[in-house]
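Chemist: my questions are about this predicted structure, shown below with the sequence.
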Amino acid sequence: MGAVAGTAAGITGGLVAGVTLKYAYDKYIQEQQMHKRLKSIPRRVFRRGPAPATVRAVYPDHQTFSHNMKSPIWVEFDAPIDSSTVTKDTVIVKSSVFDEPLDGFLDAGGRILMFRPYGKYPAENGRAKISITLIGTDTGSGAITDTKGVPLDGDKDGKAGGDFEYKFSIMK
C-alpha cells in the first residue's frame, strides 16, 4: 500500500511540475512576443510633452542635380515652425567653393521654409556642392523652433535640439 501511495504521490508531483513548467514556458513566450510588439511602437507614442519638429523633406533631393544656378531650396517640416526664428543665423547655406555663408531671401510659413540665393551659387567648372544647415541648438544666436517654442530636432534623435545638415549638387 505504501508503494502505491508513493507512486501516486510521485505521479501527482510530476504532473504538478509539468503543468508549472508548461505555464512558465507559455508565460515566457507570451512576454517575448509582447516585448517584440512594444519595440515596434514608435517612441513618440510614449513621449510626454510636445514632440519637437523635424525635417520631413528637402528639395532638391540628393538624387536630383539642380541645373539652375539660382535654384531655391525648399524644406518641409512635420510641424508648423515659428517663422520669427528663421534668420540668417539659424539657416546657413554654403557652397563647396566658397567659405562664407551665402546671402539670399529666406521665407518661412507654416511647415515650409524657402531659401533663394540673391545671385548664382558660387561654382567651379559649373559644379558645386551646396549645403544647408538648420540650427536646432541655441548657441547664442538662436535656434529654429516650432510654434510652441520647442527647438528643432535636427539630428532626429527624438529630443529637441541638434542641427540639421543637408547637401546636394548643382551643375550647369
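Modeler: Ah, there it is.
Chemist: for Glu76, what are its contacts?
Modeler: By Cβ atoms under 8 Å, 6 or more residues apart in numbering, the residues touching Glu76 are Val55, Arg56, Ala57, Val58, Arg111, Ile112. C-beta coordinates here come from the backbone N, C-alpha and C atoms, glycine included.
Chemist: which element, helix or strand, includes the third one?
Modeler: So that's Ala57. strand 55-59 (DSSP states H and E).
Chemist: and that strand, what's its mean pLDDT?
Modeler: On average, the pLDDT along strand 55-59 is 93.
Chemist: in that strand, what's buried?
Modeler: Residues of strand 55-59 classed as buried by neighbour count (16 or more other Cβ atoms under 10 Å): Val55, Val58.
Chemist: which helix or strand lies directly C-terminal to it?
Modeler: strand 73-77.
Chemist: list the pairing partners of that next one within its sheet, with orientation.
Modeler: When sheet partners are counted by DSSP bridges, strand 73-77 sits next to strand 55-59 (antiparallel), strand 112-117 (antiparallel).
Chemist: what is the very next helix or strand once past that strand packed up against?
Modeler: Once strand 73-77 ends, the next helix or strand along the chain (criterion: DSSP H and E) is strand 91-95. When contacts are defined as 3 or more Cβ pairs under 8 Å, 6 or more residues apart in numbering; DSSP states H and E, strand 91-95 packs onto strand 112-117, strand 127-134.
Chemist: save the ones you listed as TSV, and put in mean neighbour count and mean pLDDT too.
Modeler: As requested, these are exported to TSV (neighbours: other Cβ atoms under 10 Å; pLDDT from 0 to 100):
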stretch	mean neighbour count	mean pLDDT
strand 112-117	18	95
strand 127-134	18	92
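Chemist: would you list those in a markdown table and tack on distance to Lys88?
Modeler: Formatted as a markdown table, the helices and strands packed on strand 91-95 follow (distance: least, Cβ to Cβ, whole Å):
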| stretch | distance to Lys88 |
| --- | --- |
| strand 112-117 | 10 |
| strand 127-134 | 12 |
